[in-house]
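> okay, here's the prediction I keep looking at, along with the sequence it came from:
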Amino acid sequence: MSRLDEAASLISGHPVDVDAVLAATLAQRDAEAGRHMFFPTGPTGDFRALRPLQDVLWNNIGSAASNPPGGNHTKSLERALLAWAADLFDLPADDWWGNATTGGTAGNRAGLLTARDRFPRTPHGVTTAVAYYSAAAHYSVPKMLHELNIPAVRVGVDTYGEMDYDHLASVLRPEAPAIVVVTAGTTMTEAVDDPRRVTAVLDASGIVDRYLHCDGALSAIPLALDKELTTEGVDSISLSGYKFLGTPRVCGLVVGRNATRRRTQHISYIAAIDDTPVGSIDGLPIAMMWYAVATAGNEGLRNQAHAARRLAAYASSSLNAIGWPAWRHPWAFTVVFPTPPLSIQQTWPLATDATGQSHLVCMPRTSKDQVDAFVEAMAREVWHRLSA
């Protein structure tokens, strides 16, 4: 048990130094803050203007389109945020739906639940559809497919993490409706699946009944800002607010087309329509996402993305310059390289996979100093290996 765990434990009959525990908790985070660039949750933006909202309960229960009783909600901000996202992703102006969520996993669940409900079920209540997701998809995708009892098939990927469309064609079941999960920014390499190629594969197989959900947690916003995200044929898109938008709270949203085909129910108790996969949801993170968009605007967000990509290009070239091979997709914040030795792993909180790959992620507000410190540590390791 760590000293922090020991200090935080409540032992009957023994008082706890609450201030010491809280200080130790913050110190634990601060000690690692400068090294935290291996997951897509970089330094947060400036949300000090929202401090007056932080000691209030904001409960955005029910549909974004309705206001629950009382004023303790941020529904107007949620509606504005969702409308911005629907416009960004070129959804039909008169027939889209959306909800704030607790993050990318919840957004994937909402999209897949909507997909499941579009298709008939067997007499035993199992959907007649089959879902397809890539081997590089976020781990929440197979988890949610299992939870929702949707039969699923795992599809291979190419060397760079993009879905293998030939393999998709070979595993399709033409007699069943298809739910296909594409990813805009895969976990390890930030690869982007192409919905147009998925659509072509489905067309060639004669599958008319289909639903495409895009897990765009990391890259959908910056790609869409540069008009580089294909949303034609995509039925729903989920996002994480604490990644690209840099909120200090875990949050997200999901938007989709064909709102008239989504399940809704009026709940008398909350005097609102319920069309969400959850009940109460914290309205403060929603305000934070809205604030990030409202203060930066599309141009400011676009500039943030461009700056982050320039830093990622610098990180990649710097690693290559010291003899440690690294690469990145041209649109990516993510730099991929062979997993460093244990001496580096013990000091730096690396993200690694089972194939021997690691990465760092240059999110907006990641600093050049952070990158330089890691590259210098890697250079010392390379020098040590060469001189051994």
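Here it is on my side, so go on. On a predicted model such as this, the values are computed, not experimentally measured, just so you know.

> V335 pairs with what?
Listed beta-bridge partners, V335: L360 (assigned using DSSP bridges).

> in stretch 192-208, what counts as buried?
Buried residues in stretch 192-208, counted by 16 or more other Cβ atoms under 10 Å: 192-193, 195, 197-199, 201-202, 207. Heads up, the C-betas are built off the backbone N, CA and C, glycines and all.

> actually stretch 221-228, sorry about that
In stretch 221-228, residues buried by neighbour count (16+ other Cβ under 10 Å) are 221-225.

> can you tell me what sits against that stretch?
88-89, 184-185, 192, 216, 229, 231, 239, 244-245, 298, 301-302, 305, 308, 331, 333 (Cβ atoms under 8 Å, 6 or more residues apart in numbering).

> tell me which element S238 is part of?
Using DSSP states H and E, S238 maps to strand 236-240.

> and the buried residues of stretch 221-228, which of them are in helices?
Using DSSP state H, 221-225 are the members of the buried residues of stretch 221-228 that sit in helices.

> which one of those is nearest to T339?
Closest approach to T339 among these (Cβ to Cβ): P222, at 26.5 Å.

> gap between the closest one and T231?
Distance of P222 to T231, computed by Cβ to Cβ, to the nearest Å: 14 Å.

> contacts for stretch 22-41, please.
With contacts defined as Cβ under 8 Å, 6+ apart, stretch 22-41 is touched by 3-4, 7-8, 42-43, 185, 217-218, 240, 242-244, 333-334, 347-351, 358-363, 366, 370-371, 373-374.

> re the thing from before, nearest to R48 among the buried residues of stretch 192-208?
Distance to R48 across the buried residues of stretch 192-208 (Cβ to Cβ) is lowest for V192, with 34.1 Å.

> residue contacts, that closest one?
Contacts of V192 by Cβ under 8 Å, 6+ apart are 162, 183-186, 219, 223, 229, 329, 331.

> got these as TSV, with pLDDT and distance to G323 columns?
Listed next are the contacts of V192 as TSV, based on pLDDT from 0 to 100; distance: Cβ to Cβ, whole Å:
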residue	pLDDT	distance to G323
E162	98	28
T183	98	31
A184	98	32
G185	98	28
T186	97	27
S219	97	29
L223	98	32
L229	97	35
H329	98	22
W331	96	26
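
> who wins for neighbours among these?
Using other Cβ atoms under 10 Å as the neighbour criterion, G185 leads these with 31 neighbours.

> list the contacts of it.
So G185 contacts 40, 191-192, 216-220, 223, 332, 334 (Cβ under 8 Å, 6+ apart).

> same question for T231.
With contact taken as Cβ under 8 Å, 6+ apart, T231 is in contact with 89-91, 195, 214, 224, 237.

> ok, now with 7 Å
Contacts for T231 (Cβ atoms under 7 Å, 6 or more residues apart in numbering) come out as 89-90, 237.

> just the element for it, please.
Under DSSP H and E, no helix or strand contains T231.

> count the residues that sit near P123.
The number of residues packed near P123 is 5, by other Cβ under 10 Å.

> also T122?
Neighbourhood size, T122 [other Cβ under 10 Å]: 8.

> how near is the residue lying closest to it once chain neighbours are set aside to A332?
With sequence-adjacent residues excluded and distances taken as Cβ to Cβ, 6 or more residues apart in numbering, T122 is closest to T128, at 6.2 Å. T128 is 37 Å from A332, where distance means Cβ to Cβ.

> first to last residue in stretch 79-99, what's the distance?
Stretch 79-99 has an end-to-end distance of 9 Å (criterion: Cα to Cα, to the nearest Å).

> could you dump the contacts of V192 to CSV with secondary structure and distance to T276?
CSV is the format used below for the contacts of V192 (DSSP: H, G, I helix; E, B strand; the rest coil; distance: Cβ to Cβ, whole Å):
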residue, secondary structure, distance to T276
E162, coil, 32
T183, strand, 23
A184, strand, 23
G185, coil, 24
T186, coil, 27
S219, coil, 25
L223, helix, 26
L229, coil, 25
H329, coil, 33
W331, coil, 31
